[in-house]
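Q: need coordinates for the below:
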Amino acid sequence: MGALLALAGAIDRINEWIGKLVGWLVLAAVLISAGNAIMRKAFDIGSNAYLEIQWYLFAAVFMLGSGYVFLRNAHVRIDFISTKLSRRTNAMIDLAGIVLFTIPLCLILMYLSWPVFERAWVSGEMSQNAGGLIRWPVLLMIPLGFAILLLQCVSEGIKRIAFLSGQRAYPFAEAEESSEEDAFVAEMAREALAREEALLAAKGKAP
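A: Model prediction:
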């Protein structure tokens, strides 16, 4: 398990680096979008290339950032349910979801999207818009993004197994950050449940 945890740590560091890169891509997208809008409105100068690079960058942020989101445990959960379950039960649910759903999904979408990228690469496919960009870089984001997510699935699966077997204190990469977020969500859920119970009790006492 020590070697597997070392592998998980290496994957986590890769996605930490990718997460920082994605942050710069967001800034680039904002600057290009603002500059494009200013040039179009102020000087009546437009470019399909500038428009397309915006959604190329958006695609890169969305696809490349998925592994970082999983690393930070920031993906969508049904918090009202998960906060009522023990950390061990949540880890078991996470592991089942990773093995049965997320990993197969990543493999299927990588298999389906790679030929699309390959055809665009070989043919040199270009945008149909005048002055548009070559297509293969944005199509590469699909298999690459799911490959990155697949790697993080491996890391998260290892950490969940280590936690369930008692070889790790926490199921997540960042226990301190996760615990603060979990505590806040749990407190909100408890307050909502308390209000709901008080409301039901008041209705029960009403004549």
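Q: can you give me the buried ones in the helix or strand harbouring E156?
A: E156 is part of helix 136-164, with elements assigned from DSSP states H and E. The neighbour-count check on helix 136-164 (16 or more other Cβ atoms under 10 Å) flags 136, 138-153, 155-163 as buried. All C-beta spots, glycine's among them, are computed from the backbone N, C-alpha and C.
Q: and whichever strand or helix holds I108, what does it pack onto?
A: Assigned by DSSP H and E, I108 belongs to helix 103-123. Applying 3 or more Cβ pairs under 8 Å, 6 or more residues apart in numbering; DSSP states H and E, one finds that helix 103-123 contacts helix 136-164.
Q: gap between the helix it packs on and the chain center?
A: Between the mean C-alpha location of helix 136-164 and the chain-wide mean there is a distance of 10 Å, by Cα atoms, centre = their mean, to the nearest Å.
Q: kindly report the same for stretch 39-50.
A: 32 Å.
Q: buried residues, that stretch. List them.
A: So, applying 16+ other Cβ under 10 Å, buried residues of stretch 39-50: Y50.
Q: can you give me the strands for this structure?
A: Applying DSSP state E to the chain gives no strands.
Q: before we move on, back to that, and the helix holding E156 with helix 103-123, angle?
A: 160 degrees (axes from the mean of the first three to the mean of the last three Cα atoms, to 10 degrees).
Q: number of residues surrounding the spatially closest residue to A29 that is not a sequence neighbour?
A: Closest residue in space to A29, ignoring its immediate chain neighbours: L57 at 4.0 Å, by Cβ to Cβ, 6 or more residues apart in numbering. Counted with other Cβ atoms under 10 Å, the neighbours of L57 add up to 21.
Q: next, the contact list for L57, please.
A: Each residue near L57 by Cβ atoms under 8 Å, 6 or more residues apart in numbering is listed here: L25, V26, A28, A29, I32.
Q: now do F163
A: Counting by Cβ under 8 Å, 6+ apart, the residues that F163 touches are R87, R88, A91, A169, Y170, P171.
Q: where does the residue lying closest to the first one once chain neighbours are set aside land on pLDDT?
A: When you say that, I think you mean R87. Nearest residue to R87 in three dimensions, chain neighbours excluded: P171, at 6.7 Å (Cβ to Cβ, 6+ apart). P171 carries a pLDDT value of 78.
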